[in-house]
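Undergrad: Return atomic coordinates for the entry below.
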Amino acid sequence: MIRRPSRPARVGVAALAAGVLLATGACSDDGGEETTAGQSTGSPTATPSGATARATPSGALTEAQAKTALITEADIEDDWTQVDDAEKWRDTLLAGTVDVDDFLTGKADAADCQRLLDGLYSEDLLGKPSGASALTGFEQDDSRLLYQVAAYTGSSLDDSMDWLKSLPQKCDEFTATGSGDSNSTVQVIGASLPDQGDARQGLEVTVQGTADGAPTTLTLNVGVVRVGDDAITVTAGGPDGGQPDSVDAAVEQGTGRLETVLKGGTPAPSPTQGY
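TA: Here you go, the predicted structure:
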């Protein structure tokens, strides 16, 4: 295990943030699977043993339902502003190749960590959806929040949820090499989420590297909630730090919206309280 470096000073200027959160590339449908690493400090978010699973409606998620299930600015409050080009977002600090030498127990864990980085960069953390999907994004100062609703096969979701749960132990802390042979240190820990859906997993991913020649730290909070064969994926943060409260709000409100549309209903225009 490599020694954790000291956290560099946060860079708050807009020019640097633009270098870290470069909005280029193709839409998220072109992305592959992803993976991350870290040390678990929060409570895992799988369904508790013996808990009764929530009943999920039958029938495949439609494109119209996926779009209706997306959250709005009101659901996450604060000063978030919805944008039109979220499918083109790419965080350049996430574009790197995992250093296999960091993994003394085998290369399989390194592959899982590479899957995490690739998934976060391509904005398809659970892999390519098998059916309908919809995506939206929000900006607040130098932070961004990406929200996706998508349909998957049951077996692929089983595998993805198990994979997410394993990342804090498998990857812990590792080095990734980016463009120009610059190195970044990636740290991942588990994080708790509101008790929503049939299963859930939270992560906090911190990438310490260089952007525009200056030391930079990118912190992302990640929340994934399963509802039957559908899932909600939320990623939020930036060079000024993570956004755990906004991820919790998105999970709380978004799960209710998805469950409502799957039952054939229409979500309320104003969010319900409780997060």
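Undergrad: Local confidence estimate at Asp124?
TA: As predicted, Asp124 sits at a pLDDT of 90.
Undergrad: Wasn't it part of a helix?
TA: No - assignment of Asp124 by DSSP: H, G, I helix; E, B strand; the rest coil gives coil, placing it outside any helix.
Undergrad: give me phi/psi at it?
TA: With angles defined as degrees, to the nearest 10, Asp124 sits at phi -130, psi 60.
Undergrad: Also Gly154?
TA: According to degrees, to the nearest 10, Gly154 has phi -60, psi -40.
Undergrad: give the contact list for it.
TA: Residues near Gly154 by C-beta atoms under 8 Å, 6 or more residues apart in numbering: Asp229. Every C-beta, even on glycine, is put in place using the N, C-alpha and C of the backbone.
Undergrad: got the contact list for Val222?
TA: 36, 120, 125, 191, 202-205, 233-235, 247.
Undergrad: Can you lay out these as a markdown table showing distance to Asp181 and secondary structure?
TA: Shown next, in a markdown table, are the contacts of Val222 (distance: C-beta to C-beta, whole Å; DSSP: H, G, I helix; E, B strand; the rest coil):
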| residue | distance to Asp181 | secondary structure |
| --- | --- | --- |
| Thr36 | 22 | coil |
| Leu120 | 21 | helix |
| Leu125 | 27 | coil |
| Ala191 | 31 | strand |
| Gly202 | 33 | strand |
| Leu203 | 27 | strand |
| Glu204 | 27 | strand |
| Val205 | 22 | strand |
| Thr233 | 31 | strand |
| Val234 | 33 | strand |
| Thr235 | 27 | strand |
| Val247 | 33 | helix |
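Undergrad: Most neighbours of all the residues you listed, which one?
TA: Highest neighbour count within those, by other C-beta atoms under 10 Å: Thr36, with 32 neighbours.
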